[in-house]
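Asks: Need a 3D model of the following:
(one chain, ligands or ions: 1)
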Amino acid sequence: MSDLAPAWSLAQSCVLRTDLGSLYHCDCMELLPALADASVDLWFADPPFNLAKDYGDGVTDRLGTADYLAWMRAWLLEGVRLLRPGGSLFVFNLPRWNVEAGHVLNEAGLLFRHWIAIDIKYSLPIAGRLHPAHYSLLYYSKGRPARFSRPRIPVPVCRHCGGDIKDYGGHRDKLHPDGINLSDVWYDISPVRHRTTKRRAANELSEKLLERVLEIASQPGDVVLDPFGGSGTTYAVAERMHRHWIGVELGDCEPILRRLSGRKPDVTPPRRGDAANGMQRPGVTPSLRRDAAKGTHRGDT
Ligand SMILES: C[S@@+](CC[C@H](N)C(=O)[O-])C[C@H]1O[C@@H](n2cnc3c(N)ncnc32)[C@H](O)[C@@H]1O
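Replies: Next up is the predicted model:
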């Protein structure tokens, strides 16, 4: 990892080193400028969504729109600089913010690959708007992608009767035995909310999502950077899939350290996603609120 290590002044922020990766406890905007140009093969970012969530001391999730956009632009441009030619960049966010992120990346000259819609398993209706039913995962590359593999997924079936959900127009028997090609709409990513797996009260992405991203756009030995560590999902998956990784978290790093050392989670999942609070609007009926409390939104992902 020595060629990936940032300037010595940041060494004191390094709270974990493994054979494959390093975790820094600091603001990502302190770490990123210290890293060398074109040193990263895959960038994955799952930033705070500016929903006024509580990420703990020192972390703000309540910025004015202009400030949030300026902040997002700053770290996105660091991502563009750090990517090797052919490297890939993914950003997970609300459609509202990813429209803006796409604009920054287009202007910076990256190549648009996909707007991947990730089905939200449960979300609240918002008065006067269509029902929000997906998160956005932006996928760009720096020129023609050096890595790309297209995963296959099992043929989707009805969980009640086991029959196919889609009609394959009489060509069902010609489907590939390993399943269908992955599309840009992902219905099979479940939120993380079980006591045995959840590692951080606020947010946590499913390992399945990260496995898929790494499978699509990286190979063993590549360098993966995630500037918003959270519970360390990206780093845990990178370890398992034999990728080098660079991690950084401004808030509490203990959940990541616990996870990477193989200790069990010690978080009690909240009964409801707290983003649901932020999305409640006058006009939402009490029964809908009760239903939402059983489900999840960004707070449980
Ligand atoms: C949405 S969570 C990431 C969750 C992560 N993908 C996972 O699966 O666990 C965003 C994280 O970014 C952290 N964060 C916010 N601002 C940051 C900054 N400027 N530098 C580094 N980390 C930051 C927050 O503390 C939070 O843990």
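Asks: What residues sit buried inside stretch 211-227?
Replies: Within stretch 211-227, the residues that count as buried by 16 or more other C-beta atoms under 10 Å are 212-218, 222-227. Glycine gets a C-beta too; all of them are placed from N, C-alpha and C.
Asks: got TSV for those, with secondary structure, distance to the ligand and pLDDT too?
Replies: Output for the buried residues of stretch 211-227, formatted as TSV (DSSP: H, G, I helix; E, B strand; the rest coil; distance: C-beta to the nearest ligand atom, whole Å; pLDDT from 0 to 100):
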residue	secondary structure	distance to the ligand	pLDDT
212	helix	14	98
213	helix	11	98
214	helix	13	98
215	helix	17	98
216	helix	17	98
217	helix	16	98
218	coil	16	98
222	coil	19	98
223	strand	18	98
224	strand	12	98
225	strand	12	98
226	strand	7	98
227	coil	6	98
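Asks: from those residues, which is closest to residue 141?
Replies: The nearest member of those to residue 141, counting by C-beta to C-beta, is residue 217 at 7.7 Å.
Asks: Tell me which helix or strand the nearest residue to the closest one once chain neighbours are set aside sits in.
Replies: Ranked by C-beta to C-beta, 6 or more residues apart in numbering and with sequence neighbours excluded, the top spatial neighbour of residue 217 is residue 88, at 3.8 Å. Using DSSP states H and E, residue 88 falls within strand 83-93.
Asks: and that strand, which strands flank it?
Replies: If you go by DSSP bridges, strand 83-93 pairs up with strand 40-45 (parallel), strand 134-141 (antiparallel).
Asks: Now that strand: buried residues?
Replies: For strand 83-93, by 16+ other C-beta under 10 Å, it's 83, 84, 86, 87, 88, 89, 90, 91, 92, 93.
Asks: Kindly report the same for stretch 119-128.
Replies: Counting neighbours by 16+ other C-beta under 10 Å, stretch 119-128 gives 120, 121, 122, 123, 124, 125 as buried.
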